[in-house]
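for reference, the sequence and a predicted model appear below.
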Amino acid sequence: MAATVRCTYHLRDKDTGSEPEGNGTEMSKLRPTGEATPRTDPLVPGADALSGRLRRAPENFLTPEEIGQVGKGRRDFLRASFLAAAGATAAATLGGRGAAAADTAGDPDILNPTPWGSSLGQPVAANPYGLPSKHERGLVRRQSPGLTQVAAASVSFAPLQGLFGIITPSGLHFERHHQGWQDIDPTRHRLMINGSRPEFVKTPRVYTMDDIMRLPPVSRMHFIECGANTGMEWGNVAVPTVQYTHGMLSCSEFTGVPLRTLLEYCGADLKAAKFILAEGGDGSSMTRTIPIELVMSGEVMVAYGQNGEMLRPENGYPLRLVVPGVQGVSWVKWLRRIEVGDRPYAAKDEAVHYIDLMPDGQHRQYTSIQECKSVITSPSGGQQLLDKGFFTISGLAWSGRGAIKRVDVSVDGGINWTEATLQTPVLSKCLTRFTLPWNWDGRPALLQSRAMDETGFVQPAYGQLRAVRGTRSIYHNNAIQTWQVAESGDVNNVQIL
Ligand code: MTE
């Protein structure tokens, strides 16, 4: 297989409408030299027990102002910041080890009393709503510099590179608003259910939050992915880290009432009905058509709960639609109306946006299922392997068509593949965490993951996807992601066709 590696970064104006800025430069044709690592026990004989140190991705140390500089094209500045942070980390780590080696008295951090072990801690409820440690303050959702002109109609990306397991902490859930977010008074929020013709819904009703929350609830874990996730990478490598390539992705336990139950209470004619229209209460006139089969499956949920508490305002408080497996735009936030009808509505967000531009110039509508996809979150772009030896490759896999069946990982750009371990639980239309032990020999490597779902669908390579979809699309890019590990340990975003 010819490994054509492209690695030019450029930013894009919007996730809707604009085209990639140029085709990028083919920097080199690399022959992958990293060998596939046989599946081994983490305690590989010969592996340095202290190895596996990783410098975090730049989002963990750049301030929002500094990231803004990157948007203005100041790459020299970014490089300098990378080096400064790398230097600081390396100095700190080497300093620690060096000191330990040189000082026969041993490591002061284990031998001496610590301030936290010899003083009174803070009182209970000092933070009535708990916060992450101050040492983790770099791990935040971030807006990609230059992506959109107006922050109220924009995206913030979840920091996938720093998350464990499959649940996204609610405060780090990605955001996509078309007209800003609102914090709606739940006592004044209403959900109306009606038919496009009177015979479709016998008893149109208006529900209060109290009405909805007294009904028997269901709780289920599901991923939500914006259809535009990875959309900047259709033409070429565009952004450096997994936060920006794949961070329009989150996963929560949602609690609510199946929409089917509410429609049945209203006497909806679920045989005559073919579609529903979901409408949001914000100023964006967000309306989306959803096929009735999805509603009839019982999976579509009118949700008020997220990870054990009420939805966050940014995610639709007090009520949002949860449409498992379907692109995020259909998960209408601040949900205020459901209309039952017999034809697709061709609303603005399904006629102009969230459509697939095909190579022949035609647009494809209503391709809303998020196909099988995966990404390695560590090691990933912007990180640096600080020494050779043992690492755990870890990432996320998901499919809008069901459960993940298997994930293969390659460290040589797709020449050899090894089956990764899937962490439990492995749930339908939910993120699945995979891991693979890896002993880095210090030579260049090309890390990839390739997911397969329970339908047998296998995540495509860029070459396969582009053969069908071209390079000028925005939505539904589920191609295999490649992270190039250089001899220096630097990890970069590249594309292999
Ligand atoms: N619903 C309303 N009412 N307004 C919006 O702007 N954005 C949609 C969808 N629902 C949107 C909306 C889009 S494009 C996405 S990807 C998801 O919400 C994002 O959900 P999140 O902000 O909770 O991550």
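Thanks, I have it.

any chance you could list what contacts the strand or helix carrying V295?
Here V295 sits within helix 292-296, counting by DSSP states H and E. Applying Cβ atoms under 8 Å, 6 or more residues apart in numbering, the external contacts of helix 292-296 come out as L259, R260, L263, L270, A273, K274, F275, I276, V300, V323, V326. Any C-beta I mention is one placed from the backbone N, CA and C, and that applies to glycine too.

can we see that at 7 Å?
Residues outside helix 292-296 that contact it (Cβ atoms under 7 Å, 6 or more residues apart in numbering) are L259, R260, L263, L270, A273, K274, F275, I276, V300, V323.

likewise for stretch 225-232?
12, 15-16, 176, 238-239, 245-246, 248-249, 327-329, 354, 370, 474-477.

please repeat the previous calculation with a cut-off of 8 Å.
Under Cβ under 8 Å, 6+ apart, the answer for stretch 225-232 is 11-12, 15-16, 20, 144, 147, 155, 174, 176, 238-239, 244-249, 327-329, 354, 368, 370, 373, 398, 400, 473-479, 481.

from these, list the buried ones, please.
Neighbour-count burial (16 or more other Cβ atoms under 10 Å) applied to those gives 11-12, 15-16, 20, 144, 147, 155, 174, 176, 238-239, 244-249, 327-329, 354, 368, 370, 373, 398, 400, 473-479, 481.

filter these by proximity to the ligand?
F174, R176, G328, V329 (Cβ under 6 Å from any ligand atom).

closest to the ligand among the residues you listed?
G328 (2.7 Å; Cβ to the nearest ligand atom).

circling back: just the ones of the buried ones among the contacts of stretch 225-232 in helices?
Y244, T245, H246 (DSSP state H).

ok, now which ones touch T187?
T208, M209.

quick check: it is in a strand.
No. T187 sits outside any strand when classified using DSSP: H, G, I helix; E, B strand; the rest coil, being helix.

just the buried ones out of the contacts of helix 292-296, please.
L259, R260, L263, A273, K274, F275, I276, V300, V323.

okay, and which of those map to strands?
Within the buried ones among the contacts of helix 292-296, residues falling in strands by DSSP state E are F275, I276.

closest to I166 out of the buried ones among the contacts of helix 292-296?
Nearest to I166 among the buried ones among the contacts of helix 292-296: V323, at 18.7 Å, using Cβ to Cβ.

show the pLDDT at the spatially closest residue to that closest one that is not a sequence neighbour.
If the residues on either side of it in the chain are set aside, V323 comes closest to S330, at 4.7 Å by Cβ to Cβ, 6 or more residues apart in numbering. Note on S330: pLDDT of 97.

measure S330 to T367 for me?
Distance, S330 to T367, using Cβ to Cβ, to the nearest Å: 12 Å.

so which of those two has more stuff around it?
Neighbour count, other Cβ atoms under 10 Å: between S330 and T367, S330 has more, with 23 against 14.

which parts of the stretch 51-200 of the chain are strands?
Secondary structure of the stretch 51-200 of the chain, counting by DSSP state E, counting those that start in this stretch: strands at 54-55, 154-156, 175-177, 190-195.

moving C-terminal of the last one, what's the next helix or strand?
In other words, strand 190-195. The first helix or strand that comes after strand 190-195 along the chain, using DSSP H and E, is strand 205-208.

give me the pLDDT for the closest residue to A105 other than its chain neighbours.
In space, and not counting its chain neighbours, A105 is closest to L111: 7.0 Å by Cβ to Cβ, 6+ apart. With respect to pLDDT, L111 scores 94.

quick check: residues of the stretch 51-200 of the chain near the ligand?
Contact residues, the stretch 51-200 of the chain versus the ligand (Cβ under 6 Å from any ligand atom): H173, F174, E175, R176, H177, H178.

the same query, at a cut-off of 8 Å, please.
A153, V155, H173, F174, E175, R176, H177, H178, Q179, W181 (Cβ under 8 Å from any ligand atom).

count the neighbours of the fifth one for me.
Which is E175. 19.

how about it: which residues does it bridge to?
Counting by DSSP bridges, E175 is bridged to S156.

which residues touch the residue nearest to V323?
Counted by Cβ under 8 Å, 6+ apart, S330 has contacts A278, R288, I290, L321, V323, S368.

how about the residues of the stretch 201-350 of the chain by the ligand?
Contact residues (Cβ under 8 Å from any ligand atom) of the stretch 201-350 of the chain with the ligand: 224-228, 248, 250, 279-282, 284, 286, 288, 312, 314-316, 320-321, 327-335, 349.

next: the stretch 351-497 of the chain.
Near the ligand, when you scan the stretch 351-497 of the chain using Cβ under 8 Å from any ligand atom, you find Y354.

which ones are touching Q182?
Q182 neighbours (Cβ under 8 Å, 6+ apart): G281, D282, P313, W334.

state the pair within those residues that is farthest apart.
G281 and P313 (12.1 Å).

who's more crowded, the two?
G281 (20 against 14).

tell me the pLDDT of the more buried one.
With respect to pLDDT, G281 has a value of 97.

that one against H189, yeah?
Yes. Using Cβ atoms under 8 Å, G281 is in contact with H189, at 7.1 Å.

what's the overlap in contacts for those two?
With Cβ under 8 Å, 6+ apart, G281 and H189 have common neighbours W334, R336.

which neighbours do G281 and P313 share?
Common contacts of G281 and P313 (Cβ under 8 Å, 6+ apart): Q182, I184.

what about S394, how many neighbours?
By other Cβ under 10 Å, neighbour count at S394 equals 21.

phi, psi for it please.
S394 adopts backbone torsions of phi -140, psi 140, taken as degrees, to the nearest 10.

next one: it relative to G470, how far apart?
Per Cβ to Cβ, S394 is found 32 Å from G470.

also I369?
Distance from I369 to G470, counting by Cβ to Cβ: 20 Å.

coming back round to it: among the residues of the stretch 201-350 of the chain next to the ligand, name the ones in strands.
Members of these lying in strands (criterion: DSSP E): I224, E225, S250, E279, G280, R288, R320, L321, L335.

now render these as a markdown table, adding neighbour count.
Shown next, in a markdown table, are these (neighbours: other Cβ atoms under 10 Å):
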| residue | neighbour count |
| --- | --- |
| I224 | 30 |
| E225 | 25 |
| S250 | 27 |
| E279 | 20 |
| G280 | 24 |
| R288 | 24 |
| R320 | 24 |
| L321 | 25 |
| L335 | 25 |
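
between the residues you listed, which is nearest G130?
Using Cβ to Cβ, these come closest to G130 at S250, 19.7 Å.

tell me who's in contact with the closest residue in space to that closest one that isn't next to it in sequence.
The shortest distance from S250 to any non-neighbouring residue, by Cβ to Cβ, 6+ apart, is to T168 (3.9 Å). Applying Cβ under 8 Å, 6+ apart, we find T168 in contact with A158, F174, S250, C251, S252.

okay if I get the residues you listed as JSON lines plus pLDDT?
Below are those laid out as JSON lines (pLDDT from 0 to 100):
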{"residue": "A158", "pLDDT": "98"}
{"residue": "F174", "pLDDT": "98"}
{"residue": "S250", "pLDDT": "98"}
{"residue": "C251", "pLDDT": "98"}
{"residue": "S252", "pLDDT": "98"}
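
turn these into JSON lines, including distance to L431.
Converted to JSON lines, these look like this (distance: Cβ to Cβ, whole Å):
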{"residue": "A158", "distance to L431": "11"}
{"residue": "F174", "distance to L431": "13"}
{"residue": "S250", "distance to L431": "8"}
{"residue": "C251", "distance to L431": "4"}
{"residue": "S252", "distance to L431": "10"}
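
which of these lies closest to L436?
C251 (20.5 Å).

what's around the closest one, how many residues?
Neighbour tally, C251, other Cβ under 10 Å: 26.
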